[in-house]
Every structure is written in structure tokens, then in C-alpha cells.
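K.L.:
need a structure here:
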Amino acid sequence: MTFHFRRSLILACTLAVTALVAVMAPGMASAAAQKSDLDKQCEGSNIKGHGSTFQAPILVKWAVDFNEVEKVKNKNVKACGGTQGAKREPKVEFLHEGSNAGSGACLHGWGAESTEKLKYEEFPFCGTDEAPNPEQKKEIEKNKTGGESDALETIPVLQGAVAVIVHLPEGCLASSEIKIKGVTTKLGRLVLDRSSIEGVYKGSIETWKQLLENQEKEGTGTNKGAGKDKLSCTGGEPEEKDKIQPVVRLDHSGTTHIFKSFLEQVNPTEDIPMEEYEEEIGGKKTGCGATLKEKSEKWSEVSEACQNQRWPTKAHIERGTESGNPGVVKRVNEVASSMGYADLAVARELGDFSNPADGGGEEATGEQHHKFWAEVEDTKTPEVTGWSDPSSDGDVKEPANSRCKTTKYTEESGKKFPPENTRDPWNEAKAELVEKEYSICGLTYDLALRQYAFFPGTSVESVGKPEATTVHDFLLWALNTAKDGGGSLEKGTDYEKLSSSIIKKATEGVEELGWEKPGEAGAKEKT
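P.N.:
Down below sits the predicted model:
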């Protein structure tokens with residue numbers, strides 16, 4: 001056999017195998033060959049995002065830091081501060097008030113469970129703490145007119161804690177004792193065990209007296225049965241018999257999703273009578289296609305999608321008077337004898353729960369207050385027996401970090417976490433119930449499109465491609481943990497950066513973004 005003949009035979013076999021692979025797995029073959037067709041780095045246009053109030057405080061900060069850090073041009077390799085790529089400075093704005101507030105605004109604006117006008121063109125990315133479930137993903141992707149079937153990218157960008165905020169009855173102050181490194185410490189607030197929080201939102205615990213009795217019976221560690229939680233009320237026991245008013249979000253909420261995922265793990269099996277509910281989206285009344293009649297369901301069945309705003313009938317919940325986590329915090333501030341939930345950053349930003357002048361925060365060990373966020377059962381932390389604060393510095397005025405650094409996330413039984421990629425659904429991801437630091441932590445995500453050209457309002461190259469380019473550049477910078485990258489700037493912002501394994505998945509997802517052609521995970525960015 002001549003050398004020429006052998007070489008021809010090898011070439012023919014190679015081509016045949018290549019063709020066979022392409023036939024058997026066309027998606028794999030094309031993905032390996034395709035490069036992103038986005039513009040050069042930092043050559044995109046100004047963009048706006050909207051949605052999650054959980055991530056809003058840091059997204060607003062990131063929108064500035066993407067171009068500048070402390071008024072110095074950002075020299076991070078992924079930034080667009082005039083020193084990288086095309087050396088332009090495309091601006092990012094994140095809207096999170098009114099109709100633009102909340103994870104629901106993000107999901108509905110992109111077509112999940114909604115008949116309102118699609119907002120891909122107005123908001124080429126949006127924030128949500130409730131990752132789209134498979135059905136919502138299909139609803140969003142059905143709006144495309146071409147391109148690949150897995151069109152939606154769910155990009156985790158950071159994690160944070162949900163604080164349980166408390167406003168005691170007028171005239172009442174709280175006290176608790178916990179052990180820190182073996183030393184008994186007095187707190188000027190209550191510690192709350194898991195069953196007490198769930199009982200308040202289920203409606204089985206209606207008064208502060210019932211809550212204290214449950215704490216004594218159900219508490220863990222050195223607090224179990226010790227009766228260390230106390231209220232001191234000017235009128236004595238009558239105030240302890242005041243009803244606790246649970247406050248919840250006005251709107252469809254990712255923070256609610258995180259909070260209900262916690263309640264679901266506390267009480268996974270009980271069927272609880274849920275209130276009748278009718279949701280309004282885009283001016284039309286809906287409720288999974290119809291009014292939702294009172295029905296007994298588990299927490300897991302009301303944590304997402306059109307059931308997200310549904311609560312147990314017996315809890316007699318009160319909704320915030322405005323959208324977003326600020327609505328819950330403001331309402332708890334206003335209503336004595338109430339309890340609510342909000343992301344740590346917003347709870348601290350709005351002041352009353354970390355400001356001694358407003359009856360919140362600890363200036364001295366053991367000082368009592370009538371507004372606070374509670375420490376929550378149950379941690380593996382060796383220094384503290386049984387209780388954990390959502391903040392690394394307690395309920396004081398200065399921002400710190402969420403105690404979510406070591407959080408372990410899980411999915412439903414039988415599924416591995418994290419998902420294989422950001423084109424898969426992440427909606428089942430939740431913090432495990434027992435953590436080394438704090439147990440009510442959650443991931444928050446930004447939604448982006450794998451191929452913008454096939455979605456309404458983004459199909460014109462002169463409009464869609466520049467916007468897609470900035471989404472890509474901004475999210476890649478936000479995940480970057482090098483100096484002045486978004487992933488290095490969470491410190492002291494009441495958030496916590498993602499684990500390295502999640503950052504890897506998220507970065508690969510961002511690298512797949514394109515206009516007509518998707519990019520390739522792990523591909524080098526064009527400069």
C-alpha cells in the first residue's frame with residue numbers, strides 16, 4: 001500500500017466519522033464549531049435590566065463599578081471602563097421599583113405566565129431569585145422565531161441571606177441568651193427556632209405567648225426547654241397575647257420563593273389549607289389560568305410560579321403596600337406586633353432594624369430593642385450552639401456579609417447540584433436546612449438569551465447585537481473574582497460571592513451568549 005493511498009484512506013475514514021458524529025449529535029458538533037458573533041468587547045450599547053429587589057442593592061452598585069471603581073477607571077480585564085477591548089464605556093442601569101420591581105416582573109416581562117407586552121428589547125437581561133421552572137422556561141422560549149431549542153440561560157450571579165424581621169407589640173422588649181464559644185451572651189432580641197417561624201406563617205402560632213411556649217418546647221441545643229427567650233412588656237402578659245401579624249410580599253417574589261423553600265424543608269409533608277387567590281398580571285386577573293380556590297397544599301406546591309403569592313388561610317397574612325422587599329420592610333416598620341422577611345441588604349438599608357434611634361440594632365451586649373432581625377435555629381457552627389445571625393456583624397448599622405459563604409445547596413431527591421449547565425432548570429435549588437453558618441440563604445440569577453436575534457425586538461442587528469454584547473460583557477465581569485471584578489466586590493455589601501463550582505457553571509453560560517450564533521463555553525473572549 002503506497003503512502004499516498006494510506007493517507008487518502010485515513011482522510012476518508014476521518015471524514016466519514018466526522019459526518020457520522022454530525023448526524024448522530026448535530027447539536028454537539030455545531031456547538032464545538034461555533035464562535036460567538038457578538039461585537040468586540042466593550043463595543044456594545046447602553047442597556048437596562050430590571051426585576052429582583054433581592055439583588056437590587058448590589059446590581060445598582062455593579063452598574064457603576066462596571067465602568068468605574070471609586071472614580072478610577074476600572075482596569076479589570078473584563079470591565080468596560082475605557083481601558084479594555086474597544087475602550088468604550090457602555091452603561092448598565094438596573095430598575096427595581098414599581099412595575100419593574102421583583103422577580104415576578106422579570107419572569108412575566110419575558111413571557112412566563114403572562115399576556116403582557118414582552119420586554120426583551122427594553123430589558124435584555126433581568127434579575128430573579130426564582131429560577132424559571134421547566135414550564136416557565138418553555139413559555140419564555142416559545143416566543144423565539146428560530147435558533148436552538150435551549151434558548152434561555154439562567155445565570156446565577158451571587159447569593160444572600162433572607163432575614164426574619166420582627167416588630168414587637170408596643171411596650172415590649174425582647175431578650176435571649178445564647179452561648180458563643182462557651183460564654184453565655186445576652187441578645188437584645190429573640191432567637192427563633194424553625195418550627196416557630198413556620199408556625200407563624202402557617203397560622204398555628206398566633207400570639208407571642210404561643211411563640212414563646214413553642215420556643216421553650218421545641219428549641220435546640222442549650223436553649224431547648226431552658227426558657228431563655230423572654231418579652232418584657234409594660235402591661236405585662238396582656239401584650240404577650242397580642243396576635244402576630246405575618247407580613248408578606250405584595251408581588252410575585254423570588255425572596256418569597258427562597259423563604260418558602262426554607263418553610264418547605266421545615267414542614268415537607270403537611271397539607272395546609274391555602275387561601276383563595278387571584279393574581280393580576282398585565283392588568284388581567286389570573287391564577288394558574290383561573291381563580292385559585294381554597295385548597296390544602298404543601299409549601300412546595302405554593303413556592304413558585306402562579307402560586308407564589310398564596311399563603312395559608314389561617315395565617316391571615318398582610319401584604320406590603322408596595323412592590324419589592326422594601327414594601328415588606330416598611331410595612332413591618334409601621335405595624336407593631338408583626339413579623340416579615342426580606343433580604344439582609346434591604347433590611348439593613350432601610351434602617352429601623354439596625355438603627356438604635358429607631359429601636360433596632362445592638363450598641364451594647366444585652367441591650368433590648370423592639371425592632372430587630374432574629375437569630376435563627378439551626379447551625380453546625382461550633383462557636384454558637386443552636387442559633388445563627390444572617391449577618392456577619394449582627395444587627396448593627398454597618399453593612400457586612402451575608403453568612404452564606406459555606407452554604408450547601410441541594411435539589412430535589414435524585415438530582416445532582418449544580419445542574420449540568422445554565423440551560424437546564426435551576427428552580428429546585430435550595431439551601432440545605434442545617435448549615436455551618438445560616439440556613440435561609442438563596443441564589444439569585446440573571447436571565448439572558450443564548451441567541452438574541454430570534455426574540456422579539458432583538459432581531460435587528462444594529463439594535464440586538466450591541467445590547468447582547470453589553471449583557472455578555474457585564475455578566476462576565478460580574479462573575480469575575482479578580483481585583484475590581486464584580487465577584488471581588490461583594491465584601492461589605494450584605495451579600496456573598498458564589499462558590500467556585502457555581503461560578504464556573506455561570507461563566508460558561510455567559511460565554512455561550514450570542515446574537516445569531518451562540519458562543520462556546522470556555523471560549524476565549526474577543527478583544
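
K.L.:
Could you list the low-pLDDT ranges of the stretch 351-500 of the chain?
P.N.:
364-365, 379-385, 413-414 (pLDDT under 70).

K.L.:
so the residue nearest to Gly203 when sequence neighbours are not counted, which of the three states?
P.N.:
Setting aside the residues directly before and after it, Gly203 is nearest to Lys314 in space (CB to CB, 6 or more residues apart in numbering), at 2.9 Å. Bear in mind the C-beta positions are built from the backbone N, C-alpha and C, glycine included. Secondary structure assignment for Lys314 (DSSP: H, G, I helix; E, B strand; the rest coil): helix.

K.L.:
swap in Val164?
P.N.:
Here Val164 is strand, with the state taken from three-state DSSP.

K.L.:
so it touches Glu198, yeah?
P.N.:
No: look at Val164 against Glu198 with CB atoms under 8 Å: they stay out of range, at 11.1 Å.

K.L.:
Helix or strand for Asn333, just tell me which one.
P.N.:
Using DSSP states H and E, Asn333 falls within helix 325-334.

K.L.:
Give the other helices and strands that that helix contacts.
P.N.:
Helices and strands touching helix 325-334, as assessed by 3 or more CB pairs under 8 Å, 6 or more residues apart in numbering; DSSP states H and E, comprise strand 152-167, strand 245-248, strand 318-319, strand 338-343, helix 344-349.

K.L.:
can you list these in TSV and add distance to Gly509?
P.N.:
As requested, those are exported to TSV (distance: least, CB to CB, whole Å):
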stretch	distance to Gly509
strand 152-167	5
strand 245-248	31
strand 318-319	34
strand 338-343	23
helix 344-349	24
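
K.L.:
Mean confidence (pLDDT) on stretch 295-312, please.
P.N.:
Averaging pLDDT along stretch 295-312 yields 94.

K.L.:
For it, buried residues please.
P.N.:
Neighbour-count burial for stretch 295-312 flags 297-312 (criterion: 16 or more other CB atoms under 10 Å).

K.L.:
cool, and stretch 179-186?
P.N.:
Applying a neighbour-count criterion of 16+ other CB under 10 Å, the buried positions in stretch 179-186 are Lys179.

K.L.:
re earlier: okay, the helices and strands packed on helix 325-334 in TSV with distance to Ala448 and mean neighbour count next?
P.N.:
Converted to TSV, those look like this (distance: least, CB to CB, whole Å; neighbours: other CB atoms under 10 Å):
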stretch	distance to Ala448	mean neighbour count
strand 152-167	5	26
strand 245-248	29	23
strand 318-319	31	16
strand 338-343	22	28
helix 344-349	23	27
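
K.L.:
Pro326: which of these is closest?
P.N.:
helix 344-349 (5.9 Å; CB to CB).

K.L.:
which residues are contacting the closest one?
P.N.:
Here helix 344-349 makes contact (CB atoms under 8 Å, 6 or more residues apart in numbering) with 53-54, 56-58, 160-163, 165, 324-326, 329, 353-354, 373, 390-391, 397, 399, 402, 493-495.

K.L.:
by contact count, what packs against the helix or strand just after that helix?
P.N.:
Tracing the chain past helix 344-349, the next element assigned as helix or strand by DSSP H and E is strand 371-373. Where contact means 3+ CB pairs under 8 Å, 6+ apart, strand 371-373 is packed against strand 152-167.

K.L.:
residues of the helix or strand that the strand it packs on is followed by that come out buried?
P.N.:
Downstream of strand 152-167, the next assigned helix or strand under DSSP H and E is strand 172-180. Buried residues in strand 172-180, counting neighbours by 16+ other CB under 10 Å, are found at 172-179.

K.L.:
pLDDT added to those, as a markdown table?
P.N.:
Below are those laid out as a markdown table (pLDDT from 0 to 100):
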| residue | pLDDT |
| --- | --- |
| Cys172 | 93 |
| Leu173 | 92 |
| Ala174 | 90 |
| Ser175 | 87 |
| Ser176 | 86 |
| Glu177 | 81 |
| Ile178 | 79 |
| Lys179 | 74 |
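
K.L.:
which one of those is nearest Ser36?
P.N.:
Ranked by distance to Ser36 (CB to CB), those are led by Ile178 at 52.0 Å.

K.L.:
where do the helices sit along the stretch 1-150 of the chain?
P.N.:
3-24, 26-33, 56-65, 103-109, 134-141 (DSSP state H, counting those that start in this stretch).

K.L.:
same thing with the stretch 351-500 of the chain?
P.N.:
461-479, 500-511.

K.L.:
Same list (those helices) but as JSON lines, adding distance to Lys217 and mean neighbour count.
P.N.:
JSON lines is the format used below for the helices of the stretch 351-500 of the chain (distance: least, CB to CB, whole Å; neighbours: other CB under 10 Å):
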{"stretch": "helix 461-479", "distance to Lys217": "45", "mean neighbour count": "24"}
{"stretch": "helix 500-511", "distance to Lys217": "38", "mean neighbour count": "19"}
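
K.L.:
which one of those helices lies closest to Lys230?
P.N.:
helix 500-511 (40.9 Å).

K.L.:
and the contacts of helix 344-349, which are buried?
P.N.:
For these, a burial check counting by 16+ other CB under 10 Å picks out 53-54, 56-58, 160-163, 165, 324-326, 329, 353-354, 373, 390-391, 399, 402, 493-495.

K.L.:
what about stretch 493-506, distance to the chain center?
P.N.:
On the basis of CA atoms, centre = their mean, to the nearest Å, stretch 493-506 sits 12 Å off its chain's mean C-alpha point.

K.L.:
Over to stretch 151-168?
P.N.:
Centroid displacement of stretch 151-168 relative to its chain, using CA atoms, centre = their mean, is 3 Å.

K.L.:
and that stretch, what's its mean pLDDT?
P.N.:
97.

K.L.:
Would you mind confirming that Thr83 makes contact with Glu68?
P.N.:
No: with contact defined as CB under 8 Å, Thr83 does not count as touching Glu68 (10.9 Å).

K.L.:
any shared contact partners between those two?
P.N.:
Jointly contacting Thr83 and Glu68 under the rule CB under 8 Å, 6+ apart are Asn74.

K.L.:
List just the nearest of the buried residues of stretch 295-312 to Leu479.
P.N.:
Using CB to CB, the buried residues of stretch 295-312 come closest to Leu479 at Glu304, 24.6 Å.

K.L.:
Would you mind measuring from that closest one to Glu294?
P.N.:
From Glu304 over to Glu294 the distance is 20 Å, taken as CB to CB, to the nearest Å.

K.L.:
What of Gly324?
P.N.:
From Gly324 over to Glu294 (counting by CB to CB), the distance is 27 Å.

K.L.:
Same question for Leu187.
P.N.:
To Glu294, Leu187 is 39 Å away according to CB to CB.

K.L.:
Those two: which has the busier surroundings?
P.N.:
Remark: of Leu187 and Glu294, Leu187 carries more neighbours, 27 against 11, as counted by other CB atoms under 10 Å.

K.L.:
So what sits opposite that one in the bridge?
P.N.:
Assessed by DSSP bridges, Leu187 has beta-bridge partners Ser176.
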